[in-house]
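> here's my sequence, what's the structure:
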Amino acid sequence: MDIFHGRALSPAGPATDIMPVTPNDAADLAITASALFIEIGGIIEIVTVRGETRSVTVGDMMLLPVGVRRVLATGTTAQGIHALVVA
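Coordinates of the predicted model:
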């Protein structure tokens, strides 16, 4: 049984997929993330859906509930980054 069948999608979730992220200074994510999940903490440099560049220190196994269009390679030390997407 598919509990998502016929359900309207919402940026507030739940996510419909989770995709691994390779930080990149020049390219946006294929699908804008509604949140990020980080396996190994550190610093994460992001560009938000509003176009603002932010630097955030995150812990291990952390959910960062902010809309993200790009994860920058420069300055990002966190690892195992995944984009939660609604599409």
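
> look at V58 and report its pLDDT.
Looking at V58, its pLDDT reads 97.

> ignore what I typed, I meant F4.
Among the per-residue scores, F4 shows a pLDDT of 57.

> same check on the one 5 residues further on?
What the model reports as pLDDT for L9 is 57.

> tell me where this structure has helices.
Remark: no helices are assigned in the chain by DSSP state H.

> in it, which spans are strands?
Listed in chain order, the strands of the chain (DSSP state E) span 17-20, 35-40, 42-48, 53-58, 62-64, 68-72, 79-85.

> any chance you could list what contacts the shortest one?
Among residues not part of strand 62-64, those counted as contacts by CB atoms under 8 Å, 6 or more residues apart in numbering are 35-38, 41, 44, 56, 58, 84. All C-beta spots, glycine's among them, are computed from the backbone N, C-alpha and C.

> which two of those residues have the greatest separation?
G41 and L84 (17.3 Å; CB to CB).

> the two: which is more packed in?
Taking other CB atoms under 10 Å, G41 and L84 do not tie; L84 has more neighbours (21 against 16).

> that one touches T32, doesn't it?
No: applying CB atoms under 8 Å, one finds L84 not in contact with T32, separated by 10.6 Å.

> for the strands of the chain, could you give me CSV that also reports distance to D28?
Below are these laid out as CSV (distance: least, CB to CB, whole Å):
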stretch, distance to D28
strand 17-20, 13
strand 35-40, 14
strand 42-48, 8
strand 53-58, 13
strand 62-64, 17
strand 68-72, 5
strand 79-85, 11
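
> and those, which is most packed in?
Stretch with highest mean neighbour count among the strands of the chain: strand 68-72 (a mean of 20; mean count of other CB atoms under 10 Å).
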